[in-house]
Every structure is written in C-alpha cells, then in structure tokens.
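>>> please find the sequence and the predicted model below.
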Amino acid sequence: MNTEFIIEAAKAIQQSILANEHTLESLDRAIGDGDHYINMKRGANVIVEIEAELAPLKPSEALNKIGIKLLSTIGGASGPLLASFFISMAKVLESQAHENQGLKENGDESTLKIATAFAAGVQAIIQRGKANLGEKTMLDVLIPVSNQFVLLTTQNCDIKLICATLIHTAEQGMLATKDLIATKGRAAGLGERAIGHIDPGAKSCQLMIEAVCKLSLKELNG
Ligand code: ADP
Ligand code: MG
C-alpha cells in the first residue's frame, strides 16, 4: 500500500457513498436521525479535496491526516469513531516502519502489516465507542472483516482470495445487523423496533470495504 493507493481508495469510497445516498439516508431515518449519509458524504468529500496535501506524505502520515480531518468534519457518533480508526491504523504502520527502517524505503506496506494496522484501527473503535460484536453497529462489519483479514494474511493467502472473502464477510456482517437489537448508539432506545432494519454505519462500512477491495482487485488485474 502506498499513498497513491490511499488516495485512489478515498475516491472509490466517495463514489460508493454518493451512489448509495438513498440507502444510507433511509436506513438512518428508520433507526437513527437521518444524518448518516450527510456525515459520510461530508467526510468522503473532504478527504478527496485534500488529495494534493496527502500525495507527498508517507502512508502512515496520510492515514493520520485523514483521521484528524474526519474528526473535525464528520459530526455524529460515526465521526470520532472513524477518525480513531485511521489514527490508530497510522500509529501501527508508523511503528512498524521504524522497526523495518532501511529495509523498505518506498513506503509500500506488506499485506500482513496492513491487516495488523486494520485490526488496531478496529480495536480503537471498540475502545472509543465501548461497543462490541452483536450490538447492531459498524463493528458487526468491521470485527469479522478484521478477523478474516488477519487470519488470511497470516496464512499467506492470495490477495485476490483475501479481497473476495472480505467483500463477502462485510456483506454478511452488514446483513446480520438486520435481526439485531441495538444496544449502542441512537438506535439503542428503539428496542425491538430496530429489528428488521440494517444498521446505517454497518452499511457504510460494508460499502467502504467493498470499494477498497474492488479497487485492489482492479489494480491486480491491471
Ligand atoms: P449519529 O448516530 O450521532 O447520528 P451517524 O448517523 O453518523 O451518527 O452514525 C450512526 C452509526 O454509528 C450507527 O449506525 C452505528 O453503526 C455507529 N455507532 C453508533 N454508536 C456506536 C458505538 N458506540 N460503537 C460503534 N459504532 C457506533
Ligand atoms: Mg445519525
């Protein structure tokens, strides 16, 4: 992963969020306050707008900047949670870069390093939001994806298989939120009335994972 990929990924995420306006808006209107699409759109737009500032940075610096920018841009519960994801991911990449100083100077990161950093990002969301699996949040997508990502990279799986599996895992996690009662976030007050609705944060995370994995697959296929 280099910074060019991060910028391309931000653009792919922006396209996916914009293309899913109706879905994200109606999901948050059903079990939240209806602002999730606006929040995600604002976040995606601002990251694409700072492309020129990100371009000269190392991947860890770019991800840290993205986190800081999201913190001041996205309102609501999802802003600080997503910001902490990127800031923690950056921290892990930065510490790994120090360990390997002199070995890799082109800023390219191995898949296992990325998976480890992704897992640290998800842990940061767990800690900040004090939620976990099964509470009808974005974590119902992020935790299974993170677990699969680490497992498959540890097993040295082919990157194409990893991407395809993560797309599928994200979708399963997102769909599973439909049958859950929310115990965290705004939907927690709804009790059984939240059943039958997919969690908006889970949907946007699924879209983001799908966008990044599809971009990776496209680059691999040339
Ligand atoms: P708000 O709920 O403040 O209006 P958003 O609508 O942007 O903010 O985001 C709502 C999403 O945030 C939810 O669908 C859920 O996935 C996620 N979320 C809310 N609280 C938490 C939490 N404590 N941990 C993880 N995710 C959460
Ligand atoms: Mg909302």
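It's in. Numbering: from 1, shown residues only. Ligands and ions are numbered 1, 2, ... in the order given.

>>> report the distance from the helix or strand of the chain with the lowest mean pLDDT to the chain centre.
Lowest by mean pLDDT, DSSP states H and E among the helices and strands of the chain is helix 78-99, with a mean of 92. With Cα atoms, centre = their mean, to the nearest Å as the basis, helix 78-99 stands 12 Å off its chain's centre.

>>> ok, then the element right after that helix?
Once the chain leaves helix 78-99, the next helix or strand it forms, by DSSP states H and E, is helix 111-129.

>>> tell me which strands and helices that following helix is in contact with?
helix 78-99, helix 139-154 (3 or more Cβ pairs under 8 Å, 6 or more residues apart in numbering; DSSP states H and E). In short, each C-beta sits where N, CA and C put it, glycine included.

>>> now tell me what touches it from outside.
Defining contact as Cβ atoms under 8 Å, 6 or more residues apart in numbering, one finds that helix 111-129 is touched by 1, 77, 80-82, 84-93, 96, 109, 131-132, 137-139, 142-143, 145-147, 149-150, 152-154, 159, 162, 184-185.

>>> mark which of those are buried, thanks.
1, 77, 80-82, 84-93, 96, 109, 131, 137-139, 142-143, 145-146, 149-150, 152-153, 162, 184-185 (16 or more other Cβ atoms under 10 Å).

>>> ok, which of those residues also contact ligand 1?
A77, L81, A131, T137, M138, L139, K184, G185 (Cβ under 6 Å from any ligand atom).
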